[in-house]
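*Asks:* turn this into a model:
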Amino acid sequence: MARKGKLVEAVAYLRTSSAANVGADKDSDQRQRAAIGDFAKRSGYELVAEFNDAAVSGADPIEARRGFADLLDRIEGNGIRTVIVEDASRFARELMTQELGILALIRRSVRVLTANGDDLTDSSDPSRKMMRQIAGAFHEYEKARLVAKLRAARERRRSTTGKCVGRKSHAERNPELVRVAKQLRRKLPKGGQRSLRAVAAELAKLGHRNERGAMFSATSIKSMIEA
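*Replies:* Residues are numbered from 1 along each chain as shown. Below you'll find the predicted structure:
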């Protein structure tokens, strides 16, 4: 909890799983916002921002959520180290998805608190620590599996054609996309640079998404601006 007499800055994270629940006048938003606000008030936290993933399933990958990406940008940009949610299910219903998101925040030295005062980032519970390790290992396994599949595909092509044609870069496939990404990276009202995730979010607003229809990853944005 925050120290008495001194308000600690925190941000709120909301998620609604159905489009019917989206909007300031809807029950889900109201309930979550009220629970988070009440907890912050009685526990000595000052809510300075709110991030919302509207009409997003609790099973959706954490890295594909725009609101969560904006949350990470805010954390990386100004040092806020406390996130408050209504409960663990609002963060994610799927345990693996939940733990991967929490792990991403732990790696940034962030605490995730629920409106009941539970610390979702607490690793003192052996079962929670084990689950977090499994989630992290699973994530690394999936990454390694994808790399192996791509490598195998290249090898098959090489054995068939005698050469391996690599995938075209973003600059080769869509030079206009690269131009816009570089422009967005540089263009901030008060100077400086947008974060990679912020560039991805702005590109999504303009209709630029990856082959799966999701927002570009920070890694993809980096490859664009360095092209």
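*Asks:* which stretches in this protein count as strands?
*Replies:* 8-15, 45-53, 82-85, 111-114 (DSSP state E).
*Asks:* need the ones you listed in CSV with mean pLDDT, distance to residue 152 and mean neighbour count, can you?
*Replies:* Placement of C-beta: from N, CA and C, glycine included. Below are the strands of the chain laid out as CSV (pLDDT from 0 to 100; distance: least, CB to CB, whole Å; neighbours: other CB atoms under 10 Å):
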stretch, mean pLDDT, distance to residue 152, mean neighbour count
strand 8-15, 94, 37, 22
strand 45-53, 93, 35, 18
strand 82-85, 95, 39, 23
strand 111-114, 94, 38, 20
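*Asks:* with distance to residue 213 added, can I get those strands in CSV?
*Replies:* Converted to CSV, the strands of the chain look like this (distance: least, CB to CB, whole Å):
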stretch, distance to residue 213
strand 8-15, 20
strand 45-53, 16
strand 82-85, 27
strand 111-114, 28
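*Asks:* those: which one's closest to residue 68?
*Replies:* Smallest distance to residue 68 across these (CB to CB): 6.2 Å, for strand 45-53.
*Asks:* run through who's touching the closest one.
*Replies:* Here strand 45-53 makes contact (CB atoms under 8 Å, 6 or more residues apart in numbering) with 2, 7-16, 29, 33, 36-37, 39-40, 65-68, 70-71, 74, 80, 82, 84.
*Asks:* do the same with stretch 97-110
*Replies:* 58-62, 68, 72, 75-76, 80-83, 88, 91-92, 111-112, 120-121, 123, 131-132, 134-136, 139.
*Asks:* may I see the buried residues of that stretch?
*Replies:* For stretch 97-110, the buried set under the neighbour-count rule, 16 or more other CB atoms under 10 Å, comprises 97-106, 110.
*Asks:* check those residues and tell me the two furthest apart.
*Replies:* 97 and 110 (17.1 Å).
*Asks:* in the sheet, who's paired with the nearest residue in space to residue 7 that is not next to it in sequence?
*Replies:* The shortest distance from residue 7 to any non-neighbouring residue, by CB to CB, 6 or more residues apart in numbering, is to residue 46 (4.1 Å). For residue 46, the beta-bridge partners under DSSP bridges are residue 9.
*Asks:* what lies in contact with stretch 120-131?
*Replies:* Stretch 120-131 has contacts (CB under 8 Å, 6+ apart) with 85, 88, 91, 95, 98-99, 102, 105-106, 110-114, 132.
*Asks:* dump it to PDB, restricted to CA.
*Replies:* Listed in PDB are the C-alpha atoms of stretch 120-131, where the atom choice follows Å, rounded to 0.1, in the frame of the first residue of the first chain:
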ATOM      1  CA  LEU A 120      -0.800  -9.800  -8.700                       C
ATOM      2  CA  THR A 121       2.900  -9.300  -9.100                       C
ATOM      3  CA  ASP A 122       3.700 -10.800  -5.800                       C
ATOM      4  CA  SER A 123       6.100 -13.800  -6.400                       C
ATOM      5  CA  SER A 124       6.200 -15.000  -2.800                       C
ATOM      6  CA  ASP A 125       3.400 -17.500  -3.400                       C
ATOM      7  CA  PRO A 126       5.200 -20.700  -4.700                       C
ATOM      8  CA  SER A 127       2.300 -21.800  -6.900                       C
ATOM      9  CA  ARG A 128       2.100 -18.300  -8.500                       C
ATOM     10  CA  LYS A 129       5.800 -18.200  -9.000                       C
ATOM     11  CA  MET A 130       5.700 -21.600 -10.700                       C
ATOM     12  CA  MET A 131       2.900 -20.600 -13.000                       C
END
